[in-house]
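Participant: heads up, no residue letters with this:
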């Protein structure tokens, strides 16, 4: 075996020793968790293989924009529960609303009064006729597809190929490399976001067969002028149902979702994540003529739509009602954009200062920033992404993305920019000398690839 260079050996030994001290309990508990839970986490994006070896393994608590791991290490956090925590961890108004709901009971034999209150609050914000609540985004998006298939009598679904995730159900996972246990027959086909011609080609290739067109209205790039309007017109012409997945854009882009910002109303849309500040609520909403297919108001109804034991449990609905009240009363969305913009400008300035602006980029709308790490060849690199994560974690920032919350204040942003500046200094040296000199352990890996 080749010996490590002295510089690498020294740095690796020192950092590993530091990790053993800083993350001792995390490592012990992570090992126990992996033994009991497949993948070591209930969401793949939170798993150990998504982070460097020198990283906190388990979080003990959060408050506002900060979290503490089981070893007591404190971090400024970004990503905020995969974008679900928009107001901040343990946000007092939401915690108090949930606490008030607990003595009232959590689940009943008939609908709770809070189901009506939450539906009215939601539909006062989102331009739709009806809504049905469930627990996660995958379930809601699959339910939208079910309605579209029943409404059109068709089976195929067209999805935006460059959008990363829609559902853990078979119809979407069959398009990824994580398709074990899924039947080979699949009716999902793909087009390119911002490319209306690519969708036209699908309609031409599959005439009268596409039930639904599913996409996020925006991702890292804004919709091109006229794209969403053209998409809507094309779906109407071809008789397909237009579905917006607003799990990320909802309550971040605009109070009324991306559809409110861009002025294009889909037939169906799905919301979740930031809807209840981390509590488990998601929503399928849309036009009455589609939603009523799952209403059981007609004798010939045959759509079994979103019937879940915990779909409307009271504490989560209380959290959603209070969260939406805060959105209406306070400048949450403008704060997300303002702080995200400050952070993006600071990170870009740091990248320029270290001469790595072509290798480390911040992308996306200010309220939903992502970053791309590239190696010396200019291609996206998991090794360099892992190195960056390792270095900002060492400086007290936990940031698989740069998604801000309402609790991120100016001091958080300034400290984060300082941490990024230090991390990019190491990044620049790694580009010159090789990433293996600085990265401790293996690189992180994507959750799945696309077929």
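Facilitator: Structure's in. What do you need? Quantities reported herein were computed from a predicted structural model and do not represent experimental measurements.

Participant: thinking residue 313 is in contact with residue 107, fair?
Facilitator: Yes. At 5.2 Å, residue 313 and residue 107 qualify as touching, with contact defined as Cβ atoms under 8 Å. C-beta: built from backbone N, CA, C; applies to glycine.

Participant: and the gap between residue 210 and residue 274?
Facilitator: The spacing between residue 210 and residue 274, counted by Cβ to Cβ, to the nearest Å, is 30 Å.

Participant: who has more neighbours, those two?
Facilitator: Counting neighbours by other Cβ atoms under 10 Å for residue 210 and for residue 274 shows that residue 274 has the greater number, 29 against 25.

Participant: quick check: chain neighbours aside, which residue is closest to that one?
Facilitator: residue 86 (3.8 Å; Cβ to Cβ, 6 or more residues apart in numbering).

Participant: residues contacting that neighbour?
Facilitator: Contacts of residue 86 were listed using Cβ atoms under 8 Å, 6 or more residues apart in numbering, and they are 80, 251-252, 273-274, 277, 323, 332, 336, 405-406.

Participant: what helix or strand is it on?
Facilitator: According to DSSP states H and E, residue 86 maps onto no helix or strand at all.

Participant: what's the answer for residue 197, then?
Facilitator: For residue 197, the host element (DSSP H and E) is helix 196-205.

Participant: so which of residue 313 and residue 107 has more stuff around it?
Facilitator: When neighbours are counted by other Cβ under 10 Å, residue 313 and residue 107 differ, and residue 313 comes out ahead with 22 against 12.

Participant: now do the same contact list for the more buried one.
Facilitator: Going by Cβ under 8 Å, 6+ apart, residue 313 touches 106-107.

Participant: look up phi and psi at it.
Facilitator: phi -70, psi 140 (degrees, to the nearest 10).

Participant: could you do residue 361 as well?
Facilitator: Dihedral pair for residue 361: phi -120, psi 140, per degrees, to the nearest 10.

Participant: for residue 320, give me its contacts.
Facilitator: Contact partners of residue 320, counting by Cβ under 8 Å, 6+ apart, are 118, 121-122, 275-276, 279, 281.

Participant: nearest spatial neighbour of it, skipping sequence neighbours?
Facilitator: Counting by Cβ to Cβ, 6+ apart, the nearest residue to residue 320 once its immediate chain neighbours are dropped is residue 276, at 3.9 Å.

Participant: can you give me the distance of the one you found to residue 310?
Facilitator: Residue 276 sits 13 Å away from residue 310, taking Cβ to Cβ as the criterion.

Participant: with neighbour numbers in mind, choose between the two.
Facilitator: Set residue 276 next to residue 310 and count neighbours by other Cβ under 10 Å: residue 276 wins out with 30 against 11.

Participant: correct me, but the more buried one touches residue 319?
Facilitator: Yes. With contact defined as Cβ under 8 Å, residue 276 and residue 319 form a contacting pair (4.2 Å).

Participant: shared neighbours of the two, which are they?
Facilitator: residue 94.

Participant: quick check: nearest residue in space to residue 343, chain neighbours excluded?
Facilitator: That would be residue 413: by Cβ to Cβ, 6+ apart, it lies 5.2 Å from residue 343.

Participant: contacts made by the biggest helix by length in the chain with the rest, please.
Facilitator: With residue count as the measure and DSSP state H as the assignment, the chain has helix 410-433 as its longest helix. For helix 410-433, the surrounding residues in contact (Cβ under 8 Å, 6+ apart) are 65, 76, 78, 339, 342-343, 346-347, 349-351, 353-356, 359-360, 373, 375-376, 384, 387-388, 391-392, 394-397, 399, 402, 404, 437-439.

Participant: put the buried members of these into a PyMOL selection.
Facilitator: Selection of the buried residues among those in PyMOL, burial being defined by 16 or more other Cβ atoms under 10 Å:
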select buried, resi 65+76+78+339+342+343+346+347+350+351+354+356+359+360+373+375+384+387+388+391+392+394+395+397+399+402+404+437+438+439
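
Participant: among the contacts of helix 410-433, which ones are in helices?
Facilitator: Secondary structure of the contacts of helix 410-433 is defined by DSSP H; positions in helices are 339, 342-343, 346-347, 349-351, 353, 384, 387-388, 391-392, 394.

Participant: ok, which stretches of the chain are strands?
Facilitator: Remark: strands assigned in the chain by DSSP state E are 59-63, 66-69, 74-77, 130-134, 156-160, 188-191, 210-215, 241-245, 268-271, 282-286, 360-363, 370-373, 397-398.

Participant: adding distance to residue 203 and mean pLDDT, write those strands out as JSON lines.
Facilitator: Rendered in JSON lines, the data for those read as follows (distance: least, Cβ to Cβ, whole Å; pLDDT from 0 to 100):
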{"stretch": "strand 59-63", "distance to residue 203": "46", "mean pLDDT": "97"}
{"stretch": "strand 66-69", "distance to residue 203": "46", "mean pLDDT": "97"}
{"stretch": "strand 74-77", "distance to residue 203": "43", "mean pLDDT": "98"}
{"stretch": "strand 130-134", "distance to residue 203": "28", "mean pLDDT": "95"}
{"stretch": "strand 156-160", "distance to residue 203": "8", "mean pLDDT": "85"}
{"stretch": "strand 188-191", "distance to residue 203": "9", "mean pLDDT": "90"}
{"stretch": "strand 210-215", "distance to residue 203": "6", "mean pLDDT": "95"}
{"stretch": "strand 241-245", "distance to residue 203": "13", "mean pLDDT": "96"}
{"stretch": "strand 268-271", "distance to residue 203": "19", "mean pLDDT": "96"}
{"stretch": "strand 282-286", "distance to residue 203": "21", "mean pLDDT": "96"}
{"stretch": "strand 360-363", "distance to residue 203": "30", "mean pLDDT": "97"}
{"stretch": "strand 370-373", "distance to residue 203": "31", "mean pLDDT": "96"}
{"stretch": "strand 397-398", "distance to residue 203": "44", "mean pLDDT": "98"}
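
Participant: closest to residue 90 out of the ones in helices among the contacts of helix 410-433?
Facilitator: Distances from those to residue 90 were compared by Cβ to Cβ; the smallest belongs to residue 339, at 19.1 Å.

Participant: what sits against the closest one?
Facilitator: Taking Cβ under 8 Å, 6+ apart, we find residue 339 in contact with 366, 404, 408-410, 413.

Participant: residue 159 is in contact with residue 215, correct?
Facilitator: Yes. In terms of Cβ under 8 Å, residue 215 counts as a neighbour of residue 159; the distance is 6.7 Å.
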